[in-house]
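S.K.: need a structure here:
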Amino acid sequence: MNPVRVLIVDDSATMRGLIKATLKRDPGIEVVGAAADPHEARQAIKTLNPDVITLDIEMPNMNGLEFLEKIMRLRPMPVVMLSTLTQAGAEPTLRALELGAVDCLAKPVSMDDSSLALSDLGARIRAAATARVRPIGQVQQAPKPPAGYRPSSDVVAIGSSTGGVEALLTVISQYPANCPATVITQHMPASFTASFAARLDRATGASVAEAYDGAPVEPGKVWLAPGGLTHLEVVGTTNKRCRLFSGDTVSGHRPSVDVLFQSVAQAAGAKAVGVILTGMGRDGAQGLLKMRQAGARTLGQDAASCVVYGMPKAAFEIGGVERQIALQGVGAAILELSGGRV
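M.R.: Numbering: from 1, shown residues only. Below is the predicted model of the structure:
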């Protein structure tokens, strides 16, 4: 298999050197060039035809978001953003993911933490090389929520990872104000989930927020698992609520989709809907199977509409997915399975 050809775009010579040195240790990756700003990068893309670009958000002449938008309109290709993964950096990085960036990674703040910060850069780039990247504006308009909808299921549980920002915005924007009680685990840095929940809240008539321990799982509310530090579960029988707890990573993640799905299988059984969206790896596959075995209805995003068809594929292959469906139809399918008409 040919190595993944990477172009590094960053205004810092030190950072370009760190990224290059890190990637040179990965035999599956070849660094074909580096550029200090978008103008240099534009010419390098034409000349070198890289498979993946690493792109800094803050650069001179044209910032990374402007350049990313031009790439996605004129020459869509996998882009991994390098950003300060802090609360201040959340909004621009989320915007980059909405525009079509495949992934985001923390920039090291010093030479001392560069090895740790960039430790999984190679794996992220190799995953990005397999991503399906679409031009901006190509995604069709999602259908409107049905009139007269009322929820009947106890809870809808959704899991996602790489590509999940766009996917969740598409799904949740189809929710009515009286949406089914919904809990979401999206693999995302700790400093991002509050901002992402606020972004989802602006996209729908329902109430979306970062989950807290004891949050009521009830119609009209969507809870997003806090990133990085805790797992999210649904507990209770008649009065269900969110439970946050620290613990080891599960399926390589904290929060873990498997943890969420397994808790919903136990708490809601057949009165639940499980949905697994785009993402790298296998997190959620076993949990979705447990939900289906408990009688829940289950959906998986199809390969053609996934950025990375990893998590849905793993769940489908072991029998966890009852029906595969294109992203644009997922929201309507959730409402169909979780409720009826007044």
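S.K.: and stretch 184-200, which residues are buried?
M.R.: By neighbour count, and taking 16 or more other C-beta atoms under 10 Å as the criterion, the buried residues in stretch 184-200 are 184-189, 191-200. For glycine as for every other residue, the C-beta is placed from the backbone atoms N, C-alpha and C.
S.K.: What are the contacting residues of the helix or strand hosting E336?
M.R.: Secondary structure here is read from DSSP states H and E; on that basis E336 sits in helix 327-338. Helix 327-338 has contacts (C-beta atoms under 8 Å, 6 or more residues apart in numbering) with 139-140, 142-143, 145-146, 149, 151-153, 156, 167, 170-176, 179-180, 273, 275, 277-278, 297, 299, 301-302, 305-306, 323, 325.
S.K.: before we move on, what about stretch 6-17?
M.R.: The set of residues external to stretch 6-17 that reach it, using C-beta under 8 Å, 6+ apart, is 19-20, 23, 29-38, 40-41, 44-45, 48, 50-56, 58-60, 64, 67, 82, 107, 111, 125.
S.K.: does R243 sit in a helix, a strand or a coil?
M.R.: Classification of R243 into helix, strand or coil gives strand, according to DSSP: H, G, I helix; E, B strand; the rest coil.
S.K.: right, and it touches E233 too?
M.R.: Yes - counting by C-beta atoms under 8 Å, a contact exists between R243 and E233, whose distance comes to 4.4 Å.
S.K.: Those two: which is more packed in?
M.R.: Of the pair R243 and E233, E233 is the one with more neighbours under other C-beta atoms under 10 Å, namely 24 against 18.
S.K.: For the more buried one, give me its contacts.
M.R.: When contacts are counted by C-beta under 8 Å, 6+ apart, E233 touches C242, R243, L244, F245, V259, L260, S263.
S.K.: Among the contacts of helix 327-338, name the buried ones.
M.R.: Using 16+ other C-beta under 10 Å, the buried members of these are 142, 145, 149, 151, 153, 156, 167, 170-176, 179-180, 273, 275, 277-278, 297, 299, 301-302, 305-306, 325.
S.K.: one step back: M291: which of the buried residues of stretch 184-200 is nearest?
M.R.: Within the buried residues of stretch 184-200, distances to M291 taken as C-beta to C-beta reach their minimum at T185, with 13.2 Å.
S.K.: Any idea what that closest one is bridged to?
M.R.: On DSSP bridges, the residues paired with T185 through beta bridges are G159.
S.K.: what about G274, which SS state?
M.R.: With three-state DSSP as the criterion, G274 reads strand.
S.K.: Now name the helix or strand holding A315.
M.R.: Using DSSP H and E, A315 falls within helix 311-317.
S.K.: Adjacent strands (with direction) for the next helix or strand after that helix?
M.R.: Stepping forward along the backbone from helix 311-317, the first helix or strand reached (DSSP H and E) is strand 323-325. Each strand pairing with strand 323-325, determined using DSSP bridges, is listed with its direction: strand 297-301 (parallel).
S.K.: quick one: contacts of the partner strand?
M.R.: Outside of strand 297-301, the residues that reach it under the criterion C-beta under 8 Å, 6+ apart are 167, 272-278, 288, 291-292, 309, 312, 315-316, 320-327, 330, 333-334, 337.
S.K.: How is the chain partitioned into domains?
M.R.: For the chain, automatic domain parsing gives the domain ranges 4-128, 149-341.
S.K.: export these to JSON lines and tack on mean pLDDT and distance to P135?
M.R.: Conversion of these to JSON lines gives the following (pLDDT from 0 to 100; distance: least, C-beta to C-beta, whole Å):
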{"stretch": "domain 4-128", "mean pLDDT": "88", "distance to P135": "5"}
{"stretch": "domain 149-341", "mean pLDDT": "95", "distance to P135": "13"}
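S.K.: Let me know the secondary structure of L23.
M.R.: L23 carries the three-state label helix when classified by three-state DSSP.
S.K.: Just give the closest residue to K313, not the sequence neighbours.
M.R.: Leaving aside its sequence neighbours, K313 sits nearest to A303 (C-beta to C-beta, 6 or more residues apart in numbering; 6.9 Å).
S.K.: can you pull the contacts of the one you found?
M.R.: For A303, the contacting residues are Y309, P312, K313, Q324, taking C-beta under 8 Å, 6+ apart as the criterion.
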